[in-house]
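# Requesting a structural model of the entry that follows:
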Amino acid sequence: MILSHDVVGSGPAVLLLHSTVCDRRMWDPQVPALVGAGYQVVRCDFRGFGETPMPDRPYNNAEDVVALLDSLGIERTALIGSSGGGRVALEIAARRPERVTSLTLLCTALAGHEPSAELEAFGDREDALIEAGDIAGATDLNVDAWVGPDADAAARELVRRMQRNAFDVQLAAEEEFGQIKVEPDLSAITAPTLLVSGDHDFADFRQIAVHLSTLLADARHLELPWAGHLPGLERPDEVNRVLVDFLRETHAAV
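Numbering: from 1, shown residues only. Sure thing, here's the model as predicted:
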């Protein structure tokens, strides 16, 4: 199965990987800016998100994304990943470094990270609401937790719709198949990397960015004092400038 996706523009490829609070619609504010800067933009929905159905067998998100690239004939691409999408981008860049020209990771998650007490408490509250059948409450909890103070009402509503869709699709599945987990060797990553964190996010994600900035061979860390967990939806124009500037440095359009 090929992930649901869309492709627009022409030029060097840029692949957008969404947060697991969202789906590929989270990149709506970024796509026109990236196309206008001279890039072919690909975005996809992971299994159980957006328009991609739940898996019918064990799966691996990174392998799904590489299969999508193969189907599109894209040999090399820049990767931009948000949160859980950043974790997938890191796995691809570690396992297939020859295919990744640059990495931009917005508030990225990291395989093996031990969550803080605050993040664990959030997860426990979410689980309790879902167990009680209060999916609307669980959705609101996620919007409040992950959307920063600078987001407008439209951005908050989009996150609400994306998260509710994910809950509805995943909870309706008759059988749940787990992900095939891989512990990638992050030292194998060669792509220049920009790590972005927000001061209004859970502290875990700044800690991950700092850790990765010391671990990866060519990495820099940008802290955004105004940002929550989804800066691309909170201040799109500002984030678009950051993305395009880094791409022009590392993945220049023709």
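
# quick one: low-confidence ranges for this structure?
Within the chain, the ranges that satisfy pLDDT under 70 run 253-254.

# rerun that using 50 as the cut-off
By pLDDT under 50, the chain has no low-scoring segment.

# List the buried residues for the lengthiest helix in the chain?
The residue-count maximum for a helix in the chain (DSSP state H) belongs to helix 153-171. Residues 155, 156, 158, 159, 160, 162, 163, 164, 165, 166, 167, 169 are the ones in helix 153-171 that count as buried (16 or more other Cβ atoms under 10 Å). For every residue, glycine as well, the C-beta is placed using N, CA and C.

# so the second one makes contact with residue 142?
When you say that, I think you mean residue 156. No. Counting by Cβ atoms under 8 Å, residue 142 is not a contact partner of residue 156; they are 10.8 Å apart.

# ok so, going back, can I get the buried residues of helix 153-171 in CSV with distance to residue 250?
Converted to CSV, those look like this (distance: Cβ to Cβ, whole Å):
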residue, distance to residue 250
155, 27
156, 32
158, 29
159, 29
160, 34
162, 29
163, 32
164, 36
165, 33
166, 31
167, 36
169, 35
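
# and which of those is nearest residue 58?
residue 169 (18.0 Å; Cβ to Cβ).

# From residue 115, how far off is the closest residue to that closest one other than its chain neighbours?
Once flanking residues are discounted, residue 169 sits nearest to residue 48: 5.5 Å by Cβ to Cβ, 6 or more residues apart in numbering. Going from residue 48 to residue 115 by Cβ to Cβ, to the nearest Å gives 21 Å.

# quick one: which of these two has more around it?
residue 48 (22 against 13; other Cβ atoms under 10 Å).

# List the residues that contact the more buried one.
Contacts of residue 48 were listed using Cβ atoms under 8 Å, 6 or more residues apart in numbering, and they are 54, 55, 166, 169, 170, 173.

# Relative to residue 203, which of these is nearest.
residue 166 (24.5 Å).

# Is the closest one in contact with residue 24, as I believe?
No. Applying Cβ under 8 Å as the test, residue 166 and residue 24 come out as separate, 11.8 Å apart.

# Which neighbours do these two have in common?
Common neighbours of residue 166 and residue 24 (Cβ under 8 Å, 6+ apart) are residue 49.
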